[in-house]
Structure formats: C-alpha cells, structure tokens
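Q: with the sequence up front, the predicted model follows.
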Amino acid sequence: MNAVDGRSKVAVIAGAGPAGLTAALELLRRSDIIPMVFEADTQVGGISKTVNYRGNRMDLGGHRFFSKSDWVMQWWQEILPIAAGQAEADETLRITYQQASRDLLPAVLATPASDAVMLVRRRLSRIFYRRRFFDYPLKLNADTLRNLGLIETLRIGLSYSHAQLRFRQAEDTLEEFFVNRFGNRLYRTFFKDYTEKVWGVPCREISAEWGAQRIKGLSISKAIAHAVTTAIRLRADSDASQRRTETSLIERFLYPKFGPGQMWEEVARRVTSHGGAIHLRHRVIGIEHKGWHVVSVDVLDETAGAVRRIPCDHFVSTMPVRDLVTLLKPEDARIAEIASNLPYRDFMTVGLLLRKMKAAGGQLRGTGPHGTTGRGGVSENGMPPDNWIYIQEPDVRVGRLQIFNNWSPAMVADPATIWLGLEYFCAEGDDLWSMDDAKFIDFAAGELEKLGMVDRNDVLDGTVVRVPKAYPAYFGQYREFGKVRDYLSRFTNLYPVGRNGMHRYNNQDHSMLSASAAVDSILDQGRGKSDIWNVNAEEDYHEEVGKSLPRSGNGLP
C-alpha cells in the first residue's frame, strides 16, 4: 500500500484530456485515492485543448458542449457556470441535443465580470458542394431543391425508396450502413467522398460500427420529420426545442468563453488544489506488472530527461491502445501484432487570420444565429455565420472549415478580423504532415481562394497545429480488436478510458462517462469494469445509464 500526502492509495493516470482529468477529479470527490496525472503535452485538454496563437484561440475539431447525460451536463456547469445575460437564475434554459431537449435550471449564474463561464450558442453547420451551400443535415426546402435541381432531387428520392424496399439486413461496412439509411445516390453525393477524405480509405473497408456510434438513428425519415416539426414550430429565440432530435440536428449548445480548453484548465486547477498532482511533459514509458496486476509505471520527465518509477494501486490509461499494449509486453505475439497495427487518422488545423472573406456559393436566408445579417447571410466583412462548414469539393484537400468567431467572440483578438480553422485529415509522415508550416499556410490559403471564399491578399497571419492519432480508425486490423480488449480486461487494476484509451471514436462526454465508470469500478474493488465499454456502444446508454452515475461528493467543487 502506498502513502502519498497522507492518503492511502495512488491512481496513476496517463493523459490529461477529458477522460483523465474527469477520473482525477472524481477520485478526489469520491474517495481518499490520490490521482497522479502524467501528460506528455505542454498543456492539458488533449484534443479538447484550446491553442492560443497571438491572442487568437483555436478549438481543434470543434467541441459543442451538450450531452444526453444529466450527470455530464451538471458536471460541466459545476465547473463553468452559465454567463450572466445568457439565462435567468429562476428560469429554465432549453438546450437541444441527441434525440432530446434538456431544460436547464441554472442554480448559480456567473457574475457579469467573470470570464470563467459557459455561453449559450446557436448552431449552424452547412455543406459546401458544387460551390454552393447546403444545410447540414440536409433539409427538404427550396434552397436544397434549387441547388440540386429537380432531376437530381427525383433521382435521390427514387434511390432512397429503392434502398428502403431492399434494406440490407447485414451491415458489415460503412458503405452498407449509409446506403441503408440514405440510398445509394445520396450516399455518393454527400457522404462517400467526404468520409473517404477523412479516413483515407474506401467506405467499403470501414466497419459499420463507426456509423453506429457517430450518427446512430439519423435517417431521411427523421430528417423529413425534423423539417415538418420545424415548419410548424414557433421559432422564438428563447426556445430551441426539437424533441427526439438526433445528434446532427442539434441547434443549441453550451460553450466555454475561451474554448474547450478553458473547461479542462479549470478542472486541472481543481485537481491540484485538492491534493492531486498533474505533471506536464511527462510520458509513461514503462509498465511493471506482476501477473495481471499493474504495480508501477516508469515516467520520463521530458524537460529534465530523467526517468522515475511510480508505484500505483490503480492505473487509468488514456494513451493509445497501440502504445499501452507495447508497454505491457504481452506473451501472446498475436495480441501485440493486432495492437501494433491498429489504424489511426492524424489531423492538422491551419489557423488563418483574415481581413475579410468573399460571399461564396450564395447564402441561405433567415435570422442569423450569431448576430449576422441573415441565417445564411454574411457579416459586413464577408464572414459566414456557420460554426463550421463541411467542404465536399473533390478538387481541394481541406475537409472542414471552422469560423472561430462564431463559436465565441472571445476566441478572436481583434473582432474586426476573421479567424478560421482549416481542418486536414492526413497520416503522420505523409505529404501534408511533412509540409513546411509556411508552405502549408500558403497552400491552405490557396485552397480557400480556389473555392472562391477568400482573396489570398486578405490573409494577415497563420499557424499550423498537428495532432497525431486524433481519430481511432475502424478498418484494417480493427476487426480483431476484441482480442486486445479481452487481453486488457484481464488486468485487475487497469482501466482504459477515453477516445484513444479505448480505440473508440468518442465525444468528450463519452470519454467523461467512461472515466466515471472506471472510478465506479475502482471504488467497487474492480467489479463492473465492463460498464466502461458500454459507454457509446448502445443507442441509449448515456441517456439512461448516465442518469444513475454518481453525483459529486464530499463537498469538493
């Protein structure tokens, strides 16, 4: 038994992303176990961190703060309350997300002067295809019909009807998953090229499990139902209600004033202030285990170049499964081989600061969600109102475009400028990943110019952020991942959690729920470990089970 700062046991946590930090804070709230968190990066947050470039902040991937779990929604608001002016303390605030609407009754609102707050943001995402804007998800409205044309719309409708009449019972591949729900024509128009740009392999080689976890029940029939209910519903600004709405139909969400990293920086502060330890630029490089019990880890201090051994009673891992298994050195060579060949997709964001943009592709009309001249209209400097835009065009390599101004005005140092994030999906070491930063910034600006969105001369500044192993992939050796999972489950005090820790394309709320389930198991002497793997595996898991997860205990914030 270990003794650190008067506490009886130690949990080593590899990684200070949402899963690792949630586990750390929950251990402090609910037990006498002291968490020691080791993070290889220079800041906390993992892929949910906020990158600050000369006062302009970048959200890597776009993180909408919503969840079907009451526990997650309340947990977030305990850390960062809703900003004054965004809601009234005695009135409910309706947030729409994942098949349900959440009525929030903020117990405490932040003071007007506080920056440690959550904002209420309206969502707008669109697809840019054929040099035109389409609603995302697709809507049956005049703009869609005009952009597609009558003949193409009829072909898509016939293809969808054909798919429903000949529904494929077996869904082994992502292509089968898409065709079943959208028909072959719509799949090839709006899903195939973008998905293959993201993953770098054909949809027929990707497991259908990815679709089951990421878009679940979304279908044309639900899109039609959404269009009908939207048309007959009063669209007051104070009411974003859309009951039974799928993830992709969300219209309103919470967001930290300074980006997602603000949430995890505050969580890290609370962890350290209440007795936990967080070490940045520290990498777990070795694991000692006796039989099926982890007894210590070796940690490299990358600043000092020193290695020290940390005895532990529990080990919570958010490191990539590939790396974890390598450190465990399994006797079964097949387990090691499967793990070493698990696929990942790497990710790059180019931040571009501009004076102005061009109004490309025509705009949708209506009321803008962020104070713009129209829902699809633009600001005076040409900035579109979207949170992000999916780039479906095959003649460019950019996959998605974020407009950080529309996530939060505080993300931009000068409100007169436009701060963009161009997202590229790549493989570590390929031509994009290896491109010199200055050359890549110029390349990205050229792609937006090619799309008719900007004039390259209006680019003021830029930066590049690379994220290795950002997306665990569902093809290749992944088909045998169950063997690796069974191997890891045999360790009595090892808890893989989070996106990379489970090799599962989780959102941050899923990662938090997996961490909370791990803490449950730790406090129950290792029982219930299988609950970790149920998170994001069943359609209603984090709506039903999430409600039963424990509240914060013993008075800690």
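A: Ah, there it is.
Q: which residue ranges of the stretch 251-400 of the chain form helices?
A: Assigned by DSSP state H, counting those that start in this stretch, the helices in the stretch 251-400 of the chain fall at 260-273, 321-328, 333-340.
Q: pull out the buried positions in the first one.
A: Taking 16 or more other C-beta atoms under 10 Å as the neighbour-count basis, helix 260-273 is seen to contain the buried residues 260, 261, 262, 263, 264, 265, 266, 267, 268, 270, 271. C-beta here means a position set from N, CA and C on the backbone, and glycine is covered the same way.
Q: one step back: possible to save the helices of the stretch 251-400 of the chain as JSON lines with distance to residue 359 and mean pLDDT?
A: Output for these, formatted as JSON lines (distance: least, C-beta to C-beta, whole Å; pLDDT from 0 to 100):
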{"stretch": "helix 260-273", "distance to residue 359": "29", "mean pLDDT": "98"}
{"stretch": "helix 321-328", "distance to residue 359": "45", "mean pLDDT": "98"}
{"stretch": "helix 333-340", "distance to residue 359": "49", "mean pLDDT": "97"}
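Q: and residue 459, which of those is closest to it?
A: Residue 459 sits nearest to helix 260-273 of all the helices of the stretch 251-400 of the chain, at 24.9 Å, using C-beta to C-beta.
Q: tell me what that closest one is packed against?
A: Applying 3 or more C-beta pairs under 8 Å, 6 or more residues apart in numbering; DSSP states H and E, we find helix 260-273 packed against helix 18-30, strand 50-53, helix 70-79, strand 277-280.
Q: ok, the longest strand along the chain: who's next to it in the sheet?
A: Identified as the longest strand of the chain according to DSSP state E is strand 459-472. Neighbouring strands of strand 459-472 in its sheet, by DSSP bridges, are strand 344-354 (antiparallel).
Q: now do the strand it pairs with: distance to the chain's middle.
A: Distance of strand 344-354 from its chain centroid, counting by C-alpha atoms, centre = their mean, to the nearest Å, is 15 Å.
Q: repeat that for stretch 185-196.
A: Distance, centroid of stretch 185-196 to centroid of chain: 21 Å (C-alpha atoms, centre = their mean).
Q: what's the span of that stretch, first residue to last?
A: One end of stretch 185-196 sits 16 Å from the other (C-alpha to C-alpha, to the nearest Å).
Q: which residues are in contact with that stretch?
A: Residues from elsewhere that reach stretch 185-196, judged by C-beta atoms under 8 Å, 6 or more residues apart in numbering: 127, 129, 134, 138, 152, 155-156, 158-160, 174-175, 178-179, 182, 202-203, 206, 220, 390-392, 394, 399.
Q: switch to 7 Å and redo it
A: Applying C-beta atoms under 7 Å, 6 or more residues apart in numbering, the external contacts of stretch 185-196 come out as 127, 138, 155-156, 159-160, 174, 178-179, 182, 202-203, 390, 392, 394, 399.
Q: go on, stretch 309-316?
A: Counting by C-beta under 7 Å, 6+ apart, 2, 9-13, 20, 23, 33, 36, 294-299, 493-495, 497, 518, 522 sit against stretch 309-316.
Q: show me what counts as buried in it.
A: Of the residues in stretch 309-316, those buried (16+ other C-beta under 10 Å) are 310, 312, 313, 314, 315, 316.
Q: end to end, how far does that stretch reach?
A: Stretch 309-316 has its terminal residues 16 Å apart, counting by C-alpha to C-alpha.
Q: what mean pLDDT does that stretch get?
A: Stretch 309-316 carries an average pLDDT of 97.
Q: hang on, isn't residue 385 packed against residue 407?
A: No: contact between residue 385 and residue 407 fails when scored by C-beta atoms under 7 Å: they sit 11.7 Å apart.
Q: so for the two, which residue has more residues nearby?
A: Legend: neighbour count by other C-beta atoms under 10 Å for residue 385 and residue 407, higher for residue 407 (29 against 26).
Q: from residue 498, how far out is that one?
A: Applying C-beta to C-beta, to the nearest Å, the value for residue 407 to residue 498 is 23 Å.
Q: and if you look at residue 439?
A: For residue 439 relative to residue 498 (C-beta to C-beta), the value is 34 Å.
Q: look at those two and report which has more neighbours.
A: Counted by other C-beta under 10 Å, residue 439 and residue 498 do not tie: residue 498 has more neighbours, with 31 against 10.
Q: list the contacts of the more buried one.
A: 15, 17, 18, 19, 20, 318, 506, 511, 514, 515.
Q: nearest to residue 425 among those?
A: Out of these, the member with the shortest distance to residue 425 (by C-beta to C-beta) is residue 506, at 17.6 Å.
Q: how about the closest one, phi and psi?
A: Reported as degrees, to the nearest 10, the phi and psi values for residue 506 are phi -80, psi 150.
Q: ok, now residue 208?
A: According to degrees, to the nearest 10, residue 208 has phi -60, psi -20.
Q: report pLDDT for it.
A: 84.
Q: which one of the buried residues of helix 260-273 is nearest residue 536?
A: Using C-beta to C-beta, residue 260 is the member of these that sits closest to residue 536, with 18.5 Å.
Q: got the angle for the helix or strand where residue 438 lies vs strand 344-354?
A: Applying DSSP states H and E as the criterion places residue 438 in helix 437-450. Orientation check (axes from the mean of the first three to the mean of the last three C-alpha atoms, to 10 degrees): helix 437-450 against strand 344-354 gives 70 degrees.
Q: what packs against helix 437-450?
A: Judged by 3 or more C-beta pairs under 7 Å, 6 or more residues apart in numbering; DSSP states H and E, helix 437-450 is in contact with strand 344-354, strand 459-472.
Q: who touches that helix?
A: In contact with helix 437-450 (C-beta under 7 Å, 6+ apart) are residues 350, 352, 396-398, 422, 435, 454-456, 459, 462, 464.
Q: can we see that at 10 Å?
A: 348-352, 354, 357-358, 360, 391, 393, 395-398, 401, 420-424, 432-436, 453-459, 461-466 (C-beta atoms under 10 Å, 6 or more residues apart in numbering).
Q: what comes up buried for that helix?
A: So, applying 16+ other C-beta under 10 Å, buried residues of helix 437-450: 440, 441, 443, 444, 445, 447, 448, 449.
Q: picking up where we left off before, which helices and strands sit right next to the following helix or strand past the longest strand of the chain?
A: With elements assigned by DSSP H and E, the helix or strand that comes after strand 459-472 is helix 481-489. For helix 481-489, the packing partners by 3 or more C-beta pairs under 10 Å, 6 or more residues apart in numbering; DSSP states H and E come out as helix 321-328, helix 333-340, strand 494-496, helix 498-502, helix 530-534.
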